[in-house]
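In: Prediction below, plus the sequence it came from.
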Amino acid sequence: MHRNTDPTPSPPTHLLGVLRTLWRWRRPVLLTTMAGAVLAVVISLLLPSYFTGYTSFVVISPEQISIESTFGTGSNRIQFYGTGDDIDRMLSIAESNELIDYMVDTFNLYGVYDIDSTHVKGPVRVREEFQSLYEVERNPRDIIELTVEDRDPRRAAAMATAARQRIDAINLALIRSIHQRNAAGLQQEVSDGERRLDELNAALSEVRGKYGVYNTKAQSEALATSSTLIDQRLAATQARLAAFRETGRRDSIAKLTVDLLGLQNSRQLLDEQLGKLNESIGQIENMEEARLQANEALSESTTRLKQYQSILSGDRRTLEVIEEAQPPLVKSSPIRWLIVMVTTALTFFFAVVGVLLLESGRRYDWGSITR
């Protein structure tokens, strides 16, 4: 009995059949692959080159452009960089139609992309074309990266810069809209406070004119001093008059009688002034206290309004640039060698599959199958 002592195993029968089939069809397969490679080379050379404008930035916390941060009136620690919500808001702005329309208008993208602006679907097509070349994303370090592809490297860099600046402007406008509403409320408070203060001043002037009281403290002290002096002079004059009456000095009696009458009239006038002062002092002091409070409230509102106006008029930004967009020196797409290699490999694969299917189909009697 003869045994096979060859250590090399023979290939499977089905694999030998596949190899024989491919060998017989080697020329068509190679020609098809070469044709696909040549076609890929031609197509890749006809594709336009695109350059990528790149810029990156971080979001600044809205607290950095608040009154508390600007004027140091807050007691809490101010956060410098934006949180997740601030970053999400910035990304939403970056993907908004407002930004896309701004880019379309600024760089005349209808002409750049050769799209008919009068066509009913023109706005949709130009937006889709721009979005296919535009990307903005947040990396793991919370840095926002923005890229724009274009055939012109300078325009690609300019578009990336313009998009970043527009994002900053829109975000700043959203934050300032809150400040503007607060400022409008403060402006109304200032107007109401000024009107209230004018009313108090007018009422206080009327009361002071009516009672002749212009400085309650000074006039109270002056009237009290005058009252004491008059009382002393009255007592002294009455005592001297009584003494002269006992001695019978008529000239002195007549003179002291006139002085006493004058002092009594002064006493009566002083009593009238004291009466007016006592009648008005409570009302005047209340009005002065109300005026002081109104003046303090007006001063506080005016100061805060000026702070808001300073924030609204100042040069502010909501992002910090990490990398400015520069005109790229190397194109980003297409990668021609990769297109040629992938197309050649796919052509070879489909050619082989087609040959195997063709050879497999010849083994069947299709006429008998279709009967």
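Out: Looks like it came in fine. Numbering: from 1, shown residues only.
In: contacts and neighbour counts: CA atoms only from here.
Out: Fine.
In: what's the next secondary structure element after the helix or strand containing Asn286?
Out: Secondary structure assigned from DSSP states H and E places Asn286 in helix 250-313. The element immediately downstream of helix 250-313 (helix or strand, assigned by DSSP H and E) is strand 319-323.
In: Mind listing what's buried along the following helix or strand past that following strand?
Out: With elements assigned by DSSP H and E, the helix or strand that comes after strand 319-323 is helix 336-362. Neighbour counts over helix 336-362 (16 or more other Cα atoms under 10 Å) mark 336, 339-340, 343-344, 347-348, 351-352, 355-356 as buried.
In: One more: stretch 84-99?
Out: Within stretch 84-99, the residues scored as buried using 16+ other Cα under 10 Å are 86-87, 90-91, 93-95, 99.
In: what does the longest strand belonging to the chain rub up against?
Out: Among the segments of the chain that qualify as a strand by DSSP state E, the longest is strand 51-59. Outside strand 51-59, the residues that touch it by Cα atoms under 8 Å, 6 or more residues apart in numbering are 81-82, 86-87, 90, 142-153, 156-161, 164, 318-328, 330-333.
In: partners of that strand, with directions?
Out: Taking DSSP bridges as the criterion, strand 51-59 pairs within the sheet with strand 144-150 (antiparallel), strand 319-323 (antiparallel).
In: could you pull out the helices for the stretch 1-150 of the chain?
Out: Counting by DSSP state H, counting those that start in this stretch, the stretch 1-150 of the chain has helices at residues 13-24, 26-46, 67-71, 84-94, 97-106, 109-112, 122-133.
In: Quick one: closest of the ones you listed to Glu300.
Out: helix 67-71 (13.7 Å; Cα to Cα).
In: any idea of the mean pLDDT in the closest one?
Out: If you average the pLDDT over helix 67-71, you get 53.
In: what's around the residue nearest to Asp142 when sequence neighbours are not counted, how many residues?
Out: Leaving aside its sequence neighbours, Asp142 sits nearest to Val58 (Cα to Cα, 6 or more residues apart in numbering; 7.1 Å). Look at Val58: counted by other Cα atoms under 10 Å, it has 20 neighbours.
In: ditto for Leu45
Out: The number of residues packed around Leu45, counting by other Cα under 10 Å, is 12.
In: how close does the nearest residue to it once chain neighbours are set aside get to Val41?
Out: Of all residues beyond its chain neighbours, the one nearest Leu45 is Arg336 (7.4 Å), with distances taken as Cα to Cα, 6+ apart. When Cα to Cα, to the nearest Å is the yardstick, Arg336 and Val41 sit 8 Å from each other.
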